[in-house]
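1. just to be clear, the model below is a prediction. Sequence and coordinates:
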Amino acid sequence: MRGKFKDQMRKEGKSMNEDDKKKKFLGVSRRQFLGAGAAVAGGVIVGDPLFPWELRAIGIPKAWDKETEVVVVGSGYVGLAAAIEAHDAGSKAIILEKNPFLGGNSIIASGAYNAVDPERQKKQNIEDSIDLHYKHTIEGGDYRGDPEKVRYLVENATEGLKWLEKMGVEFEPTVYAVVGALYPRSHDPIKSGRGAAIVKVLKDQADKRNIPILLGHKLTGIVREKPLEGMILGVEVEHKGEKLYFKAKKAVVLATGGFSADVKMRSKYDPRLTTDMPTTNVSSATGEAIIFAEDEGADVIGMDYIQLLMACNYYTKKYGSLANLGIDSAIFINTKGVRFVAEDQRRDVMSEALLQQPKKVLLWVADDRCKKRFKLEMIERFVKDGLIFKADTMEGLAKTVQEKFDVPPNAFVETVRKYNEFAKKGEDKEFGKKLTNLKPVEKPPFYASPTQAGAHHTMGGLRTKGTTGEVIDRRGNIIPHFYAAGEVTGGVHGTNRLGGNGTTDCIVFGRAVGKNAAAEKPWG
Amino acid sequence: MGRILTKNRGTVRIASLIALTIIILTTPYFGILSAEPKRLEGVSPGDCGVCHGSEKVLPPGHVDTKGIAGATCKGCHKGGASLRRKMPLSHSHQLNGVTCAECHGITRPAKPSEEKKCLSCHADYKKVAIPTDKTLPHPHDSHMGDLDCRLCHHQHSRSENFCFQCHEWKYLVP
């Protein structure tokens, strides 16, 4: 045994020496490179056994474990939509999902989908247009959004809605303005779970098409022909401790979502987003796929723009457990008992204002009308668990919030009275809440959800070409056979995403990359 | 003497490394660590002592369980005295005739179990959900869809409550 071990060492020593010789003219030895490389980008730099002077993030495997035409990484809205469209365009697709369950953030989302909707909006006397949707989106993102992408988004939003309906998603008969939508064009899925209802429908459609969804397959690298050159060949994933290589003969599609739960990455761009800042996201919403793409030369944009949303329950520090996500019959009151921002403002404006408030808490005050959006038994459950407060009178509610948060009860009641008067008179003299959203809060019972801001959506991400979704490198060139869509990309929402535009982004661009990936010529 | 020691050091090191590797690799399947009881196949399920040794796993005064099968347990353990959540599900399975091999195959080292194994006996998700129809929010009819049974219902360790990651609902998970 000792002899065998020595032979092994000798063999390795021999090859290492050969590489060292080759390295000489570069002036650095392979061992030195490897030593430094291991510390880079949290990944491992490997030397290609054939071309040891070519360092790459992931080596080309000697053999592929599985092969298909379109490899989709991620099983949320984008992953499912892209795989379905790729399939319907005649290609074989596989979805890889790192969690032991699918859906990522999409399966906990509220599913609000923004689109101009002539039928519904006409019935509600709402004037809307694609140009107006464009204007709101590009302005709402402070003009940092790529105009070509925003145009594509708003022009295909309605069609995307119809596609979802064709797939089997039922939407409410009326539209409204979800928090931060800035205009009433948000569509809520009817079935329980809302966003989860969209995921369920798309999953059923994927199952019908026999598209494999492989759970527990975590992306650990993207395989490219040559370092920073050539086409994307496939992916490396980890499954049950083993590395597997999936060959993608047509394209790799990244549908991996954002990085709001990735403290290391998010705090790099916004130092306030330490572990103390909660997130509305699932804990697996991390940005490793972005790093792997960057390792292969992909460019990123807008990474500084991370949206906080006032939708984390104060007690659970997680998304949900709120009585209301609507902003019309709603008042935001701080622990001093007063309002501090218009409830129909941009999400970033409201969240930043909230961070300035005492305890960084707002009480999302709503009345009986909030039953429209949430099931009564769920609201009752939250009340029973002590996560939100309920009372039959505003005075009663004031007493409860005084107990819990030391809110001066008289100020609280007076704020609500003043707000309702503004609603009656048709003008919010304090904060300029728009008339269309200025609905009174007066129908008992009344609820107050103690809410905090949490990291919610990362507007930045991989840079992709206008409307095709092809990933672009740092020199502005397309990386062949490489697509990305949804929150993993940047450039659609600029500095701030409108509420309801996220779902639209996923469906519109998810479908587009699915179709485009399928249209690629297979390389092997 | 010094030379011999030096010569042998490498061998001892390799031997220890190999032994350690074997221990680490087989631990997940056969719980060799002294903290856990042994995990032996082919043993009569009611014969607690064979795996648990002298550890008192039964309450004092309990009848001798050697040779007893699940149906006999249920003779006393019904209603409020149910054995639900009192022992790992692997035990419940063994006592009712579902052996290690049923889920892990017969080759060794054992294969990991598969979700479809659960459903091969426990019919389908909807059927399994019926006993929890009165438990609200319904743990088997949620926005997460049909989750892998094993995410909650662990066999070889205490079961967990998957929903508790985000929600405050303290389900008692068998």
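-> Nice, I can see it.
2. what's around the spatially closest residue to A:Pro450 that is not a sequence neighbour, how many residues?
-> Once flanking residues are discounted, A:Pro450 sits nearest to A:Tyr314: 3.7 Å by C-beta to C-beta, 6 or more residues apart in numbering or on different chains. Backbone N, C-alpha and C define where each C-beta goes, glycine included. Neighbour count for A:Tyr314, taken as other C-beta atoms under 10 Å in any protein chain shown: 20.
3. return the set of residues that bridge with the nearest residue to A:Ala484 once chain neighbours are set aside.
-> The shortest distance from A:Ala484 to any non-neighbouring residue, by C-beta to C-beta, 6+ apart, is to A:Leu254 (4.1 Å). Per DSSP bridges, the residues bridged to A:Leu254 are A:Val73, A:Ala484.
4. for A:Glu487, see how far away A:Leu254 is.
-> 10 Å (C-beta to C-beta, to the nearest Å).
5. likewise for A:Lys122?
-> For A:Lys122 relative to A:Glu487 (C-beta to C-beta), the value is 32 Å.
6. the two: which is more packed in?
-> A:Glu487 (32 against 11).
7. pull the contacting residues for the residue nearest to A:Pro450.
-> A:Val361, A:Pro450, A:Thr451, A:Gln452 (C-beta atoms under 8 Å, 6 or more residues apart in numbering or on different chains).
8. buried residues in the strand or helix carrying A:Arg417?
-> Assigned by DSSP states H and E, A:Arg417 belongs to helix A:409-425. Neighbour counts over helix A:409-425 (16 or more other C-beta atoms under 10 Å in any protein chain shown) mark A:Pro409, A:Ala411, A:Phe412, A:Val413, A:Thr415, A:Val416, A:Lys418, A:Tyr419, A:Asn420, A:Phe422, A:Ala423 as buried.
9. now pLDDT, neighbour count and secondary structure too, for the contacts of A:Tyr314, in CSV please.
-> Shown next, in CSV, are those (pLDDT from 0 to 100; neighbours: other C-beta atoms under 10 Å in any protein chain shown; DSSP: H, G, I helix; E, B strand; the rest coil):
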residue, pLDDT, neighbour count, secondary structure
A:Val361, 97, 19, coil
A:Pro450, 97, 22, strand
A:Thr451, 96, 24, strand
A:Gln452, 96, 23, strand
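10. now, among those, which is nearest to chain B?
-> For the contacts of A:Tyr314, the residue nearest chain B by C-beta to the nearest C-beta is A:Pro450; the value is 14.0 Å.
11. nearest spatial neighbour of the spatially most central residue of chain B, skipping sequence neighbours?
-> Taking C-alpha atoms, centre = their mean, the centroid of chain B lies closest to B:His156, which sits 1.8 Å from it. Nearest in space to B:His156, with sequence neighbours left out and distances taken as C-beta to C-beta, 6+ apart, is B:Ser90 at 5.3 Å.
12. residues in contact with that neighbour?
-> Taking C-beta under 8 Å, 6+ apart as the test, what B:Ser90 contacts is B:Cys100, B:Gln155, B:His156.
13. so the last one makes contact with B:Met87?
-> No. Distance between B:His156 and B:Met87: 11.2 Å, which falls outside the contact criterion (C-beta atoms under 8 Å).
14. still on that earlier bit, got the contact list for the helix holding A:Arg417?
-> In contact with helix A:409-425 (C-beta under 8 Å, 6+ apart) are residues A:331, A:333, A:336-339, A:365, A:394-395, A:397-399, A:401-402, A:428-430, A:433, A:438-442.
15. export that helix to PDB, keeping only CA atoms.
-> In PDB, the C-alpha atoms belonging to helix A:409-425 read as follows (Å, rounded to 0.1, in the frame of the first residue of the first chain):
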ATOM      1  CA  PRO A 409     -54.400  56.500  20.600                       C
ATOM      2  CA  ASN A 410     -55.800  60.000  20.100                       C
ATOM      3  CA  ALA A 411     -53.300  60.800  17.400                       C
ATOM      4  CA  PHE A 412     -54.100  57.500  15.700                       C
ATOM      5  CA  VAL A 413     -57.900  58.000  15.700                       C
ATOM      6  CA  GLU A 414     -57.500  61.700  14.500                       C
ATOM      7  CA  THR A 415     -55.200  60.600  11.600                       C
ATOM      8  CA  VAL A 416     -57.800  58.200  10.400                       C
ATOM      9  CA  ARG A 417     -60.600  60.800  10.800                       C
ATOM     10  CA  LYS A 418     -58.500  63.400   8.800                       C
ATOM     11  CA  TYR A 419     -57.700  60.900   6.100                       C
ATOM     12  CA  ASN A 420     -61.400  60.000   5.600                       C
ATOM     13  CA  GLU A 421     -62.200  63.600   5.400                       C
ATOM     14  CA  PHE A 422     -59.600  64.100   2.700                       C
ATOM     15  CA  ALA A 423     -61.300  61.100   0.900                       C
ATOM     16  CA  LYS A 424     -64.700  62.800   1.200                       C
ATOM     17  CA  LYS A 425     -63.400  66.200   0.000                       C
END
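16. tell me where the chain has helices.
-> Here I'm looking at chain A. A:2-23, A:30-37, A:77-88, A:118-123, A:130-140, A:147-167, A:195-208, A:263-269, A:288-295, A:347-355, A:376-384, A:394-405, A:409-425, A:501-518 (DSSP state H).
17. nope, chain B please
-> Using DSSP H, helices in chain B cover B:2-30, B:48-52, B:70-76, B:89-95, B:100-104, B:115-121, B:125-129.
18. residues near residue 57, how many?
-> Going with chain A. Neighbour tally, A:Ala57, other C-beta under 10 Å: 24.
19. chain B was what I was after
-> For B:Val57, using other C-beta under 10 Å, the count is 14.
20. this completes my enquiry, with thanks.
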